[in-house]
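>>> Task: produce atomic coordinates for the following.
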Amino acid sequence: MHELSLCQALLGQVEAIAQQHRSEGVTRIVLQIGPLAGVEPRLLQEAFPVACAGSVAAHAELAIESLPIRVRCTRCGAESEATANRLLCGACGDWQTQLISGDEMVLASVEMVRD
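Here you go, the predicted structure:
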């Protein structure tokens, strides 16, 4: 399962952050995921408890926020939101656009318990 390996990599980052801040545990992890990231949020939620069992994040909540798809038009320069199968400029309708967001998975925040 692709999402399990993503959770394990995420947990490595979370554990490093918790250690850096001398935290006793993690209570909440917020991820931001774009629709073009190649990640299925539901499967990520299901894999999370398995990946973090016995770790500093064993009892943490995983919150997933969706990011919009945004493009920049190479013709008119406008930035606009788009949909996955229609990466068209929202201003002029041109198809020559450059993806500027929507394909990322970002660790947005980690809430921790400290002494």
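>>> From here on, just use CA atoms for contacts and neighbour counts.
Fine.
>>> pretty sure Glu104 contacts Ile33?
Yes. Here Glu104 reaches Ile33: they are 5.9 Å apart, a contact under CA atoms under 8 Å.
>>> out of those two, which sits in the busier spot?
Ile33 (23 against 17; other CA atoms under 10 Å).
>>> can you give me phi and psi for Thr83?
Main-chain dihedrals, Thr83, degrees, to the nearest 10: phi -110, psi 160.
>>> so what's the backbone phi/psi at Cys52?
phi -100, psi 0.
>>> If you drop the residues flanking it in sequence, what lies closest to it?
Counting by CA to CA, 6 or more residues apart in numbering, Ala58 is the residue found nearest to Cys52 once chain neighbours are left out, at 5.0 Å.
>>> and that neighbour, how many neighbours?
17.
>>> same deal with Gly90?
Using other CA under 10 Å, Gly90 has 17 neighbouring residues.
>>> And for Leu67?
There are 19 residues near Leu67, going by other CA under 10 Å.
>>> check contacts around it.
32-35, 101-102 (CA atoms under 8 Å, 6 or more residues apart in numbering).
>>> for Ala78, same thing?
72, 89-91.
>>> In strands, which of these appear?
Arg72 (DSSP state E).
>>> would you say Leu43 is within a helix?
Yes. With DSSP: H, G, I helix; E, B strand; the rest coil as the criterion, Leu43 is located in a helix.
>>> hang on, it packs against Glu3?
Yes. Using CA under 8 Å, Leu43 is in contact with Glu3, at 6.3 Å.
>>> Neighbour count for those two, which is higher?
Glu3 (20 against 13).
>>> Check the gap between that one and Glu15 for me.
As judged by CA to CA, to the nearest Å, Glu3 and Glu15 stand 18 Å apart.
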